[in-house]
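Novice: What would the 3D arrangement of this be:
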Amino acid sequence: MTASKAPAGMVAWTRDHVSAIRHDVRHTAPLIGETDFSRISPDVDIWDAWPLQDRAGNPALIGQGDTLWMALAAPHRDDPDERHGLARIHLFQHNAAGWVALGPLFPDGFTPGSREWSGSAVLDADRRNVTVFFTATGKRGEEELTFTQRLFRARAVLTGASGTYRLQDWQGPDEFVRRDPRWYMASDAGSGSVGTIKAFRDPAYFHDPASGTDYVFFAASLAGSDKAFNGVIGAARAEPDRPGNWTLLPPLLGADGLNNELERPHVLMHGGHYYLFWSTQAHVFDPAGPVGPTGLYGMVSDRIDGGWQPLNGTGLVFANPPEAPGQAYSWLVLADLSVISFVDNWGQGPDSGIRRFGASFAPLLHLRLDGQTASLKV
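Specialist: Numbers count the residues shown, from 1 in each chain. Sure, this is the predicted structure:
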């Protein structure tokens, strides 16, 4: 295979950026202890989460101070890695009293995959109709799990009251964008082993207040790459005069030869700048190095279609603490700069050999953003 040629306009996240990463307190998440979180259910493990948001990106307030959240969930297994093959999207309510699990989001048999992976959800201005963007992985009814990933959306009506919210009267789902092989590698091109899976997943909605244009950002893999580590961030666009009609765009950001998975990418606008965030793990960097820590990464630009510069000169916003390098994952930055994630392999030292999967929401963190610098509030 010939060496890959980057699509025009794609910004590179490079080895030089990652080599410059240095740990300090402002860019290291606090250690999560046993009293810092609690399971929502002893029988259900949860991980990647996102709110039912308004078009501005805020968790939509409904009822008397309730917000609704969606998260990947699966029946508890002794081996936490088994959850990925059982994942479905579940609905949760949050208010001052805490979290309430409301069960699976979609009716049985509604989605076209063998499991459901991450996405996003938007509440219309009428406060009633909802659009859910999500990843359908595999094919419904398959006997052996496959890793084909497709981007779907579905519409529903929000009903009920606190403690009984439901999404009903589902329409769809429809595959609102399809992979273009000029830019994006087939998502089943890698193996099924951890760290090698290719991507076409995690659609995250963003409404650009400057242009009125809607975007969806997603994790993908670079077509034509001769590298085993070829993660990119892709995008699709819907113009204001044609809402709901999505056009696939070339990748915005690539880590070809550096990193395999730039997961759950999402954009927000703050202080007149666009911020593009993603999560990644140490084990999906090319082991030839440099290897960055598991953490939240990001870039900043004055425009949404290019010009991205790595935050802090490296891309790292913050990492898990060295004494618990896998304690949390899948960070999502909200419009108020609070950050939600899930508790993963918490409390483990590098050589302890103990696996403790938290399977619940992690404590909230909070960011400071100032142009090209980002840090945790400490």
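
Novice: what's the neighbour count on Thr65?
Specialist: Careful, residue 65 is Gly; it's not Thr. Around Gly65 sit 11 other residues, with neighbours defined as other CB atoms under 10 Å. For the C-beta atoms, the positions are set from N, CA and C on the backbone; glycine is no exception.

Novice: hang on, it packs against Asn95?
Specialist: Yes. Contact criterion CB atoms under 8 Å: Gly65 and Asn95 qualify, at 5.3 Å.

Novice: what bits of the protein have low per-residue confidence?
Specialist: 1-4, 191-192, 349-353 (pLDDT under 70).

Novice: do you know how far the nearest residue to Ala199 once chain neighbours are set aside is from Arg201?
Specialist: Closest residue to Ala199 apart from its sequence neighbours, by CB to CB, 6 or more residues apart in numbering: Ala219 at 4.3 Å. Noted for Ala219: a distance of 5 Å to Arg201, by CB to CB, to the nearest Å.

Novice: who has more neighbours, those two?
Specialist: Neighbour totals were compared for Ala219 and Arg201, and Ala219 leads with 28 against 24 (other CB under 10 Å).

Novice: dump the residue contacts of that one.
Specialist: Ala219 is in contact with 199-202, 231-234, 261-265, 278, counting by CB atoms under 8 Å, 6 or more residues apart in numbering.

Novice: go on, Gly307?
Specialist: Counting by CB under 8 Å, 6+ apart, Gly307 has contacts 11, 301.

Novice: which helices and strands sit right next to the helix or strand hosting Trp278?
Specialist: Assessed by DSSP states H and E, Trp278 sits inside strand 273-280. Using 3 or more CB pairs under 8 Å, 6 or more residues apart in numbering; DSSP states H and E, the elements in contact with strand 273-280 are strand 231-238, strand 263-270, strand 295-301, strand 328-333.

Novice: can you list contacts of stretch 90-98?
Specialist: 40, 44, 46, 49, 64-73, 99-105, 162-163, 165-167.

Novice: pull the CA atoms of that stretch into CSV?
Specialist: Presented in CSV, the C-alpha positions along stretch 90-98 are these (Å, rounded to 0.1, in the frame of the first residue of the first chain):
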residue,chain,number,x,y,z
HIS,A,90,-30.5,3.6,28.5
LEU,A,91,-32.3,6.7,29.8
PHE,A,92,-31.6,8.4,33.1
GLN,A,93,-33.1,11.3,35.0
HIS,A,94,-31.0,13.6,37.2
ASN,A,95,-32.0,16.3,39.7
ALA,A,96,-31.0,17.5,43.1
ALA,A,97,-32.0,14.1,44.6
GLY,A,98,-29.6,12.2,42.4
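
Novice: so how far is that stretch off the chain centroid?
Specialist: With CA atoms, centre = their mean, to the nearest Å as the basis, stretch 90-98 stands 20 Å off its chain's centre.

Novice: next one: stretch 203-218
Specialist: For stretch 203-218 - counting by CA atoms, centre = their mean - the centre lies 15 Å from the chain centre.

Novice: what about that stretch, how long is it end to end?
Specialist: 5 Å (CA to CA, to the nearest Å).

Novice: Now it: buried residues?
Specialist: Using 16 or more other CB atoms under 10 Å as the test for burial, stretch 203-218 gives 203-207, 213-218.

Novice: so of the residues you listed, which ones are in strands?
Specialist: Judged by DSSP state E, the subset of these located in strands is 203-207, 214-218.

Novice: now, the most widely separated pair of those?
Specialist: His207 and Phe218 (16.1 Å; CB to CB).

Novice: check contacts around the most centrally placed residue in the chain.
Specialist: Nearest to the mean C-alpha position of the chain, by CA atoms, centre = their mean, lies Arg264 at 2.1 Å. Residues counted as contacts of Arg264 (CB under 8 Å, 6+ apart) are 48, 118, 202, 204, 219, 278-279, 330-332.

Novice: same deal with His270?
Specialist: By CB under 8 Å, 6+ apart, the contact set of His270 is 337, 369.

Novice: Likewise for the one 3 residues further on?
Specialist: With contact taken as CB under 8 Å, 6+ apart, His273 is in contact with 300-302, 369, 371.

Novice: Show me which pair in the residues you listed is furthest apart.
Specialist: Pairwise distances across these peak at 13.7 Å for Asp302 and Leu369 (criterion: CB to CB).

Novice: who has more neighbours, these two?
Specialist: The residue with more neighbours, out of Asp302 and Leu369, is Leu369; 19 against 12, by other CB under 10 Å.

Novice: Tell me if I'm right that that one and Leu337 touch.
Specialist: Yes. Taking CB under 8 Å as the definition, Leu369 is a contact partner of Leu337 at 6.4 Å.

Novice: picking that back up, could the ones in strands among the buried residues of stretch 203-218 go into a markdown table alongside distance to Thr35?
Specialist: Formatted as a markdown table, these follow (distance: CB to CB, whole Å):
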| residue | distance to Thr35 |
| --- | --- |
| Pro203 | 35 |
| Ala204 | 32 |
| Tyr205 | 35 |
| Phe206 | 35 |
| His207 | 38 |
| Asp214 | 41 |
| Tyr215 | 39 |
| Val216 | 38 |
| Phe217 | 35 |
| Phe218 | 36 |
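
Novice: if we can go back for a sec, quickly name whichever of the buried residues of stretch 203-218 is closest to Asp188.
Specialist: Nearest member of those to Asp188, counting by CB to CB, is Phe218, at 15.9 Å.
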